[in-house]
Each structure stands twice: as structure tokens, then as C-alpha cells.
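> dropping the sequence and predicted coords here.
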Amino acid sequence: MEHEIFETIANFCNAKNYPLIYNRILLHKFYEDYKKVINDHTIKEGSDPTNDTLKGFKSTLLNDMTLTSNIKLAEDELKNYSKEEITKFERKQSTRAFWISVLSGVIASIIYTLLLIIFFYLGKNQISSWLNDLNSTASQETKKMEQ
């Protein structure tokens, strides 16, 4: 009987040109629903289902409409799960990108400051001579104006 279940699901998937993963999803869903129906029947009736009842459960769970609805449910669940994961990833990436940009700004400021310090340290003699020249030129011009 197990082989018949697998063949029914495989034939359905082949007829609809579904990939192999759909076959596995439907097989898993069938056994999940089958176990649930048997447990519900046992609780409700107080006894195990008969062979005819089990055949009825199987035929209901393996008809085209049930298999198609199970495929649609699985597709919807996968889409919702994918959207949630993408949203989590984008949120994490945006936070990470923010901190990377802050860190790069701080590092750039430190590098710029170090370059200015090096520039002024290396050029301090030249700068002091310019300032002295400016000072002496200004004092000479004031002396000329006074005369």
C-alpha cells in the first residue's frame, strides 16, 4: 500500500510537471494528515479505524483537489517564510551598513588629522620663515610710511 501512495503522488507531480521537491512535500503532507485523521477518528470513535475507513482516508487525501491545495499551501508557506527571512536580512544589513559608514567616517577624520599634523610638522621651518618674512615686510613698510 505504501508503494501505491508514493506512485499516486509521483504520477500527480509528473502530470503537473512539478519538480521532485513537490513530490517530497506532498508525501510528507500526506503522512502528516493521515496520522492526524487516524488519531482524530480514534479519539472520536474510541476504536481504531477499519480497513475500509483507512481506504476512504487515503482516497480523500490522495485526490487531485487535496494534492493541489496542499501544493498551494506549501507554496504560500515558503513565500511567507522567504519574505520574513529577506526582511530580517535587509534589516540586519541596513544596521550593519550604518555602522560601517560611521566607522569609515571616523577613520577618514583620523587619517586627515594625522596628515595635517605631519604636513605642519614637516613644514614648520618653512611656515615660520614665511611668517617671519611677513612680519619683517610689514614692519619695513610701516617704517617707510613713518619716514
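Received the coordinates, thanks.
> quick check: longest helix of the protein.
helix 64-122 (DSSP state H).
> now do that helix: which elements does it pack against?
helix 2-16, helix 20-45 (3 or more C-beta pairs under 8 Å, 6 or more residues apart in numbering; DSSP states H and E). C-beta: built from backbone N, CA, C; applies to glycine.
> reformat the ones you listed as TSV; add mean neighbour count and mean pLDDT.
Converted to TSV, these look like this (neighbours: other C-beta atoms under 10 Å; pLDDT from 0 to 100):
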stretch	mean neighbour count	mean pLDDT
helix 2-16	14	87
helix 20-45	14	91
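> out of those, which is closest to Thr66?
helix 20-45 (8.3 Å; C-beta to C-beta).
> pLDDT below threshold where in the chain?
Along the chain, the parts satisfying pLDDT under 70 run over 1-2, 138-147.
> now do the SS call for Thr137.
Recorded secondary structure, Thr137: helix (DSSP: H, G, I helix; E, B strand; the rest coil).
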